[in-house]
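Chemist: Give me a model of this one.
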Amino acid sequence: MFLRNIQLQREKIDSFSSYPFSIPAIRQFHELEITKPVTFFIGENGTGKSTLLEAIADKCEFNTAGGGRNNLYQVDSAASDLGDYIRLAWLPKVTNGFFLRAESFYNFATHLDQVEAEAMKPYAAYGGKSLHHQSHGESFLSLFLNRFRGKAIYLLDEPEAALSPNRQFTFLRILHDLSRNQECQFIIATHSPILLGYPDAMILSFDNGMIEPVEYEETDHYRVTKYFLQHREKFLNELFADDE
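Modeler: Numbers count the residues shown, from 1 in each chain. The predicted structure follows:
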């Protein structure tokens, strides 16, 4: 564990009526203690989980379009609006890590093609070949298996976007191997009920206008998925009732 505390410097904010401070969970946010090596941010779209994750990445000096400190490229709308207003507390501080932004991963892969072309061992940290020459899921796993190591913090925004259910189980094993000796810390924004099942993780919900811890079985991800799998026909009949 490295990142221990996140604070919103509310005294620096002129108005809570403008984005991103107008987001209910951000508007109510004061301070957050991180107590587990693996932490999940959950919530409906627009609740602020990716906004806060992006701000943490910005404060870590990672590329907010995706990458680490040394990945210098730009993507439109990839800047953080919140990064200047949060304070991070470390024990100890680490500078190694990576920010995975699923929606701009293509741009990161293109950036790698440009910088790895003249390397002595191109793509050594990414499975030995261009991420563009792998399937979307394979490229994600190549990143996780080869780039992620050492004492580092990894910030992942919807890593399940490219992973099949079976590959999500593979990713859970990677999480276990990297975090079990507290060598790596993960903060992950996700909608996946599979990933959220990781044992002894901290789950923070951004729903209901605040950031608060929840148990796995209390999440909508678990309850809705469980209900659908157990009552699929009833669920679909209710969903399509207006079509009859």
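Chemist: Output the worst-scoring helix or strand of the chain on mean pLDDT as CSV - backbone C-alpha positions only.
Modeler: The helix or strand with the lowest mean pLDDT-type score in the chain, counting by mean pLDDT, DSSP states H and E, is helix 105-116 (a mean of 79). Output of helix 105-116 as CSV, limited to C-alpha atoms (Å, rounded to 0.1, in the frame of the first residue of the first chain):
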residue,chain,number,x,y,z
PHE,A,105,-6.2,2.8,-25.3
TYR,A,106,-6.0,2.8,-29.1
ASN,A,107,-4.2,6.2,-28.9
PHE,A,108,-1.7,4.7,-26.4
ALA,A,109,-1.0,1.8,-28.7
THR,A,110,-0.3,4.2,-31.5
HIS,A,111,2.0,6.2,-29.3
LEU,A,112,3.9,3.0,-28.5
ASP,A,113,4.4,2.2,-32.2
GLN,A,114,6.0,5.5,-32.6
VAL,A,115,8.4,5.3,-29.6
GLU,A,116,9.2,1.5,-29.8
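Chemist: so who does Tyr222 touch?
Modeler: Pro193, Leu196, Gly197, Tyr216 (C-beta atoms under 8 Å, 6 or more residues apart in numbering). For the C-beta atoms, the positions are set from N, CA and C on the backbone; glycine is no exception.
Chemist: Can you add neighbour count and give these back as a markdown table?
Modeler: Shown next, in a markdown table, are those (neighbours: other C-beta atoms under 10 Å):
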| residue | neighbour count |
| --- | --- |
| Pro193 | 20 |
| Leu196 | 20 |
| Gly197 | 15 |
| Tyr216 | 15 |
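Chemist: What are the contacting residues of stretch 71-90?
Modeler: Against stretch 71-90 from outside (C-beta under 8 Å, 6+ apart): 2-9, 12-13, 19-21, 26, 51-52, 54-60, 62-67, 101, 104, 107-108, 111, 114.
Chemist: Flag every buried residue along that stretch.
Modeler: By 16 or more other C-beta atoms under 10 Å, the buried positions in stretch 71-90 come out as Asn71, Tyr73, Val75, Ala78, Ser80, Leu82, Gly83, Tyr85, Ile86, Leu88.
Chemist: from the chain's centre, how far out does that stretch sit?
Modeler: Counting by C-alpha atoms, centre = their mean, to the nearest Å, stretch 71-90 is centred 14 Å from the centre of its parent chain.
Chemist: Can you get me the start-to-end distance on that stretch?
Modeler: 23 Å (C-alpha to C-alpha, to the nearest Å).
Chemist: Stretch 51-69 too?
Modeler: Start-to-end, stretch 51-69 (C-alpha to C-alpha) is 19 Å.
Chemist: quick revisit: filter the contacts of stretch 71-90 down to the ones in strands?
Modeler: Among those, DSSP state E puts Leu3, Arg4, Asn5, Ile6, Gln7, Leu8, Arg101 in strands.
Chemist: Between those, identify the one with the most neighbours.
Modeler: Neighbour counts for the ones in strands among the contacts of stretch 71-90 (other C-beta atoms under 10 Å) peak at Arg101, which has 26 neighbours.
Chemist: what residues are up against that one?
Modeler: With C-beta under 8 Å, 6+ apart, Arg101 has these contacts: Glu54, Thr64, Ala65, Gly66, Ala78, Phe108, Asp157.
Chemist: Tell me which of those residues has the lowest pLDDT.
Modeler: Lowest pLDDT of the contacts of Arg101: Ala78, 54.
Chemist: what angle do the helix or strand encompassing Arg87 and strand 3-8 make?
Modeler: In this structure, Arg87 sits in strand 86-90 according to DSSP states H and E. Put simply, strand 86-90 runs at 160 degrees to strand 3-8, going by axes from the mean of the first three to the mean of the last three C-alpha atoms, to 10 degrees.
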